[in-house]
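Q: Sequence plus the predicted model coming up.
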Amino acid sequence: MINALSLLTQAAYAEASDGGFSAPSIDEFYPQVIAFQGTWFELDRIMLIRLLVMTALIVLFWLWSSKFKKSYKNNILVPSRFQLMGEISLNFVRKNIAHEQLGEKDGERFLPLLTTIFFLILGMNITGIIPFLNIAGTSRIGLPVVLAAVAYVTFIYAGVRKHRMKFFTANLFPAGVPKAFYVLVTPIEFLSTFILRPVTLALRLTMNMIAGHLLLVLCFSATQFFFFNAEGFFKLFGAGTFVFGFAFTVFEILVSFLQAYVFTLLTTVYIQLALADEH
Amino acid sequence: MISSIIVAAAEGEAKNPLLPAIYDIVWSSVVFAILLVFFWFKVLPNFKKNLDARTEAIEGRLAAAEKAQAEAAAKTANIEAEQAAARADASQIRDEARAEAAVIGVEIKEAAQAEAARLIASAKAQIEAETQAALVSLRAEVGSLAVDLASSVVGESLKNDKLAANVVDSFLAELETKKK
C-alpha cells in the first residue's frame, strides 16, 4: 500500500508527459473561463452547471406544478405516481422541516424560502456525481455564502419583526446570567449567534462538497493511473481504488441529501430560535 | 501521505476557496432569486391548492357518506318501527280473536247448558204429567176394581155408589199419606 502511494507521489511530482497520475488540486474548482471574462457575469463550467441545475429544477417543478394545477382544477383526488413524487418531495420540507420546527403558521410563512434553499442545494450537490457534470454547484463558496446570507438576514428579520430591539438584547444578554458575567457571555453570544452561524452554514456545505469531489477525483484518477500507467502487480491496486471510488460515489449521494437537509434544518432552527418567546 | 500529495499538487496556487469571486456571488444570487420567485409564486401555491382541494373533496365525500349512512340508518329504524307496529297489531288482533273465541265459547256453553236445562225441565215436566195422569187413571181403576171386589164380597149393601166412593177416596187418601 505504502509502495503504491509512493508510486503515486512520484508520478504526481513527475507530471509525466505520457499522462501520468494527476493529483486533484484546488484548481479543480477553478475551471477555464468560457465567456464574459473579467465582468461580473463571468461564466465557467461551474456557473454553467448552476444554470443547468436551475433549468432542470424549473422544468421538473414546472411539470409537477402543472400536475397539481390539473389535479385541483379537475378535482382529481388520486395523484399519479409522478405527481405523488412531487408531493412527497415538497411535503418533506413542508412537514418534516418547516411545520415540525416552526409550527404550521410560521412554517407556511417561511416555506418558500426553505423549499428553495433545500431543492437548490440538493440539486447543486447532486451534480457532483452526475456523469459529465462531475462537480457540485455548491463546491464554489459563492452559492453557500449567498444562501447563508439569506438565512442570516431571514432569521434576524424574523426576530426583529417579532421582538423588535428586544431580539438583540435578549440574544446578547441572556436572562438568568449574573450581570458581571456579561463581560464574558455577551461576546461569546455575539460571536456564536451573529458570526459563527452564517459562517458555519456556508463553510460546512462548501467543504463537504470540495472534500467529496477531491476524494472522487483522487480515487478515479488513481484508478486510471494504476490501470494504464502502472506496471504489473500495481495494476491490481486499480481495482481497489475503483471500488473506493464507487463507494464514495454512493456516499456522495447521501452527503448531497444530508447537506441540503442540514442547511435547511439549521436555517429553520435559527428562525425558530429567533421567533421563540423565551430567550 | 494523501494530504502531502494534495499539498504537493496545490503548491504555488493562489486561489483561496474561501473567498468568493464577484461573478460567483452574482450567478449564485441570480440562480437563487429566480428559483425563490419560481417556488414562491408558482410551485407552492399550486401545491397547496392541490392539497387543499384534495382535503376539501375528501372531507366533502366523507360528509356525504356520513349523510347517506345516517339516512340508511333512519330508513332501517323506520322499517323496524313499522315491523314492530305490524307485530303489535298482529298480536293485538290475535288477543282480540282469542278473547272473542273465549266469549263465544262461554256463550255456546251457556246456551248448551240452558238448552240442556230446558230439555231436562221439559222432560221432568212431561214425566210429572204422565205420572199424574197414570196416578189419576190408576186411582180411578183401582177404585173401581176395589169397589167391584168389595161389592162382590160384601154384596148389594155396598151398591150405594156414593158411600162406596167415599170409602174408596178415604182409603186412597190414607194410602197416599202413608206413601208420603
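A: Cool, the structure landed.

Q: what's the longest helix in chain B?
A: Across chain B, the longest stretch assigned as helix under DSSP state H is helix B:44-154.

Q: Please work out the average pLDDT along that helix.
A: Confidence for helix B:44-154, expressed as mean pLDDT, is 90.

Q: Tell me the helix or strand right after it.
A: Next helix or strand after helix B:44-154 toward the C-terminus (DSSP states H and E): helix B:161-179.

Q: can you list contacts of that next one?
A: By Cβ atoms under 8 Å, 6 or more residues apart in numbering or on different chains, the residues outside helix B:161-179 that reach it are B:139, B:142-143, B:146-147, B:150-151, B:158. Every residue, glycine included, has its C-beta placed from N, CA and C.

Q: Now render these as CSV, adding distance to chain A and neighbour count.
A: Rendered in CSV, the data for the contacts of helix B:161-179 read as follows (distance: Cβ to the nearest Cβ, whole Å; neighbours: other Cβ atoms under 10 Å in any protein chain shown):
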residue, distance to chain A, neighbour count
B:Arg139, 121, 15
B:Val142, 124, 15
B:Gly143, 127, 17
B:Ala146, 130, 15
B:Val147, 133, 18
B:Ala150, 136, 15
B:Ser151, 138, 14
B:Leu158, 140, 15
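
Q: With adjacent residues omitted, what lies nearest to the residue of chain B found nearest chain A?
A: Here chain B gets closest to chain A at one residue, B:Asp24, 2.9 Å apart by Cβ to the nearest Cβ. Leaving out its chain neighbours, the residue that sits closest to B:Asp24 by Cβ to Cβ, 6 or more residues apart in numbering or on different chains is A:Gly142, at 2.9 Å.

Q: Looks like the one you found contacts B:Val30 (just checking).
A: No: in this structure, A:Gly142 is not within contact of B:Val30 by Cβ atoms under 8 Å, at 10.8 Å.

Q: more neighbours, those two?
A: A count of neighbours by other Cβ atoms under 10 Å in any protein chain shown puts A:Gly142 above the other of A:Gly142 and B:Val30, at 26 against 16.

Q: Now the more buried one, what are its backbone angles?
A: Per-residue torsions, A:Gly142: phi -50, psi -50 (degrees, to the nearest 10).

Q: Got the confidence number for it?
A: Reading off the model, A:Gly142 has pLDDT 93.

Q: got it, and B:Ala14?
A: Looking at B:Ala14, the pLDDT reads 60.

Q: A:Ile210 and B:Pro17 touch, don't they?
A: Yes: counting by Cβ under 8 Å, B:Pro17 is a contact partner of A:Ile210 at 6.3 Å.

Q: Now the common contact residues for these two.
A: A:Phe29.

Q: Same drill for the two, tell me which one is more crowded.
A: Using other Cβ under 10 Å as the criterion, A:Ile210 and B:Pro17 rank with A:Ile210 on top: 22 against 16.

Q: Flag every buried residue along the helix or strand that contains that one.
A: Taking DSSP H and E as the definition, A:Ile210 sits inside helix A:197-228. The neighbour-count check on helix A:197-228 (16 or more other Cβ atoms under 10 Å in any protein chain shown) flags A:197-198, A:201-210, A:212-227 as buried.

Q: after that helix comes which helix or strand?
A: From helix A:197-228 onward toward the C-terminus, using DSSP H and E, the following helix or strand is helix A:235-275.

Q: any idea how far that following helix is from the chain center?
A: Distance, stretch centre to chain centre, for helix A:235-275: 8 Å (Cα atoms, centre = their mean, to the nearest Å).

Q: Stretch B:98-105 too?
A: Counting by Cα atoms, centre = their mean, stretch B:98-105 is centred 20 Å from the centre of its parent chain.

Q: swap in stretch B:40-58?
A: Centre-to-centre, stretch B:40-58 and its host chain are 58 Å apart (Cα atoms, centre = their mean).

Q: picking that back up, OK, contacts around the residue of chain B closest to chain A?
A: By Cβ under 8 Å, 6+ apart, the neighbours of B:Asp24 are A:47, A:140-143.

Q: Would you mind pointing out the helix or strand it falls in?
A: Element membership for B:Asp24, per DSSP H and E: helix B:22-38.

Q: can you check A:Ile34 too?
A: Per DSSP H and E: A:Ile34 is located in strand A:33-35.

Q: which residues are in contact with that strand?
A: Contacting residues not belonging to strand A:33-35 are listed as A:42-45, A:48 [Cβ under 8 Å, 6+ apart].

Q: returning to that earlier point: the longest helix of chain B - contacts with which helices or strands?
A: helix A:45-73, helix A:81-91, helix A:100-126, helix B:161-179 (3 or more Cβ pairs under 8 Å, 6 or more residues apart in numbering or on different chains; DSSP states H and E).

Q: Give me the helices and strands touching the first one, please.
A: Counting contacts by 3+ Cβ pairs under 8 Å, 6+ apart, helix A:45-73 packs against helix A:81-91, helix A:100-126, helix B:22-38, helix B:44-154.

Q: Any idea how many residues pack against residue 97?
A: In the absence of a named chain, chain A is used. Using other Cβ under 10 Å, the number of residues around A:Ile97 comes to 23.

Q: I was after chain B.
A: Neighbours of B:Ala97 under the rule other Cβ under 10 Å: 10.

Q: do the same with the one 10 residues further on
A: Counted with other Cβ under 10 Å, the neighbours of B:Glu107 add up to 10.

Q: That one and B:Ala121, how far apart?
A: Distance, B:Glu107 to B:Ala121, by Cβ to Cβ, to the nearest Å: 20 Å.

Q: With B:Ala90 instead?
A: Using Cβ to Cβ, one obtains 45 Å as the distance from B:Ala90 to B:Ala121.

Q: And for B:Gln132?
A: According to Cβ to Cβ, B:Gln132 stands 16 Å off from B:Ala121.

Q: Likewise for B:Ala77?
A: Distance of B:Ala77 to B:Ala121, given as Cβ to Cβ: 64 Å.

Q: B:Thr55 too?
A: Using Cβ to Cβ, we find B:Thr55 at a distance of 97 Å from B:Ala121.

Q: Tell me the gap between stretch A:72-87 and the middle of its chain.
A: Averaging C-alpha positions (Cα atoms, centre = their mean) puts stretch A:72-87 29 Å from its chain's average.

Q: First-to-last residue distance for it?
A: Taking Cα to Cα, to the nearest Å, stretch A:72-87 runs 13 Å from one end to the other.

Q: Smallest gap between the stretch 101-250 of chain A and chain B, at which residue?
A: Proximity of the stretch 101-250 of chain A to chain B (Cβ to the nearest Cβ) peaks at A:Gly142, 2.9 Å away.

Q: Sounds good, over and out.
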